[in-house]
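> Could you work out the structure for the sequence below:
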Amino acid sequence: MNATVTAPVLLLRDIGFAPARTLLARFALELVEVADDAPIPGSYWGEAEAGVIASRVYARADTPVHSLLHEACHLIVIPPARRALVHTDASDSQIEEDATCYLQIVLAGHLPGVGRERLMADMDAWGYSFRLGSARAWFERDAEDARAFLHAQGLPLD
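Next comes the predicted model:
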């Protein structure tokens, strides 16, 4: 990810904590609101990026929605027993990373005012890297392995 992004991305303050909290609760995750300008516990990227510790996702109002979803999806795609061990870095598995990216796009459609199109644009603006050049191209034409992984885990594909 690129902390020097020039295009504006959707922030948690733009959609509010309540819808994100409700969505995460469906997966037994807790969204913890961090005070403005306070360090975010468990943040791998620092700055305003979301953090993860066990089954908690930490975010501020200035946390990008794509970051919140990405970190939450890392916790969703790993087995629940591994969640308890997570602190800051959720995985180094390529298939889990792909499944995380796919699921964050899917779940964006469940947040009012976000949706898949906006999230994919924000992912591109922030600097996610896909071999086909964009999140949309990857999602539509190159994510079979991610879909298969999510399907095998019984996780949502739409």
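> sec struct for the closest residue to residue 76 other than its chain neighbours, please.
Distances taken as C-beta to C-beta, 6 or more residues apart in numbering place residue 27 nearest to residue 76, at 4.8 Å, with adjacent residues excluded. Using the backbone N, CA and C atoms, a C-beta is placed for each residue, glycine as well. For residue 27, the assignment made with DSSP: H, G, I helix; E, B strand; the rest coil gives coil.
> what pairs with residue 58 across the strands?
On the basis of DSSP bridges, residue 58 is bridged to residue 32, residue 51.
> wait, what's in contact with it?
Contact analysis of residue 58 by C-beta atoms under 8 Å, 6 or more residues apart in numbering lists 32, 34, 40-43, 50-52.
> try residue 115
108-109 are the contacts of residue 115 under C-beta under 8 Å, 6+ apart.
> so what's the residue nearest in space to the middle of the chain up against?
Per C-alpha atoms, centre = their mean, the C-alpha nearest to the average position across the chain is that of residue 70, at 1.4 Å. Contacts for residue 70 (C-beta under 8 Å, 6+ apart) come out as 50, 100-101, 104.
> Which stretches in the protein count as strands?
Counting by DSSP state E, the chain has strands at residues 30-33, 51-53, 56-59.
> quick check, nearest of the contacts of residue 70 to residue 129?
residue 101 (10.3 Å; C-beta to C-beta).
> what's the spacing between that closest one and residue 120?
Counting by C-beta to C-beta, to the nearest Å, the separation of residue 101 from residue 120 is 10 Å.
> Many thanks, have a good one.
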